[in-house]
Each structure stands twice: as C-alpha cells, then as structure tokens.
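Participant: Sequence unavailable; structure follows:
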C-alpha cells in the first residue's frame, strides 16, 4: 500500500530481523499516522535530493523488534518517526550536506558510519505532528567499539 508518492507501508515496516525471529512489526493506529506523516516528510527529502531514489533500511520498529536489535526503547523508530536510508547516486556525505542545507523540518540528521566499506547510511527523524523541529546534525563514528557523535553546525 502506498503511503506517499514514492514510499509504501511495506518499505516502512519490513524487517529481516523481525521475519527471522517471528516478531510482529505491525504498527498500531497511532504509529501508522506517524509513519504516513514521516512518508510525507521523506517526500520533501527526496525532492531536496533531486528526486533521487531513497532506499530505507529501517523505518518503523515495534518495541519488541527494537529491543531485539538492542536499541533504546525511546528510539524515534518505535513511533515511526525515523528512517535509516541511503540515496542512489550520492554518497552519504553528499546527501547529508544537501539535507542539512535544505529547509526541511527535521528533528535529527545523523551521518552514520561513513568510514565503513558500505559508506554507511543516513538516519533522519522528524518531530511528532505539531512539535518543534530541532534540526540537530550529527556524525556518528566507531572508535574502539564505541560510537562517538560529533555535532555539525
């Protein structure tokens, strides 16, 4: 089912970890509303990136799934408000800079682990409907098995 011009509910809820472990990743009604709102925000991201294809790797995560991957219970993914993704035809750094310099209303943008062979991915989260857009920009790197976040203005 399409939830915006270029995103589907399947993309927003698919998870190989959930499938492998028999975990339900079906959103409740409140999360579904936030997922659709996030899809509309992701359309703005796609437009800012020159209408390039965005490939989400993680979007909505049920609390059980989120715990299975050892993520924080308060993650914006649990509410359907965060997306991890890559962009076809751009490096993660290029996409990060384009989004950071756009007027898109986001809560947090993180360039995650670009030092990896894969080039890493971007994490973007959006405020709940009606909340303030913080626009925090971070770069995440791994140093001695610890994640270090550096803020970028």
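Facilitator: The structure has been received and is ready for your questions. Predicted, not measured: the structure shown is a model, and the values here were computed from it.

Participant: biggest helix in the chain, by residue count?
Facilitator: Longest helix in the chain by number of residues (criterion: DSSP state H): helix 29-48.

Participant: tally of neighbours for the nearest residue to residue 89 once chain neighbours are set aside?
Facilitator: Nearest residue to residue 89, sequence neighbours excluded (C-beta to C-beta, 6 or more residues apart in numbering): residue 52, at 5.3 Å. In this view, the C-beta of every residue, glycine as well, is placed from N, C-alpha and C. Burial measure for residue 52: 16 neighbouring residues, criterion other C-beta atoms under 10 Å.

Participant: Okay, residue 52 and residue 119: tell me how far apart.
Facilitator: Counting by C-beta to C-beta, to the nearest Å, the gap between residue 52 and residue 119 amounts to 15 Å.

Participant: Contacts only, for the residue nearest in space to the middle of the chain.
Facilitator: Central residue of the chain (C-alpha atoms, centre = their mean): residue 83, 1.5 Å from the mean position. Residue 83 sits next to 38, 42, 56, 58, 59, 123, 124, 125 when contact means C-beta atoms under 8 Å, 6 or more residues apart in numbering.

Participant: let's see 6 Å
Facilitator: 56, 59, 124 (C-beta atoms under 6 Å, 6 or more residues apart in numbering).

Participant: now the angle from the helix or strand hosting it to helix 29-48?
Facilitator: If you go by DSSP states H and E, residue 83 is part of strand 82-87. Interaxial angle, strand 82-87 versus helix 29-48 (axes from the mean of the first three to the mean of the last three C-alpha atoms, to 10 degrees): 30 degrees.

Participant: which parts of the lengthiest strand in the chain are buried?
Facilitator: Among the segments of the chain that qualify as a strand by DSSP state E, the longest is strand 136-143. By neighbour count on 16 or more other C-beta atoms under 10 Å, the buried set for strand 136-143 is 137, 138, 139, 140, 141.

Participant: Toward the C-terminus from that strand, list the very next helix or strand.
Facilitator: Once the chain leaves strand 136-143, the next helix or strand it forms, by DSSP H and E, is strand 146-151.

Participant: now the contacts of residue 83 in JSON lines, with secondary structure and neighbour count?
Facilitator: Shown next, in JSON lines, are those (DSSP: H, G, I helix; E, B strand; the rest coil; neighbours: other C-beta atoms under 10 Å):
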{"residue": "56", "secondary structure": "strand", "neighbour count": "18"}
{"residue": "59", "secondary structure": "coil", "neighbour count": "25"}
{"residue": "124", "secondary structure": "strand", "neighbour count": "23"}
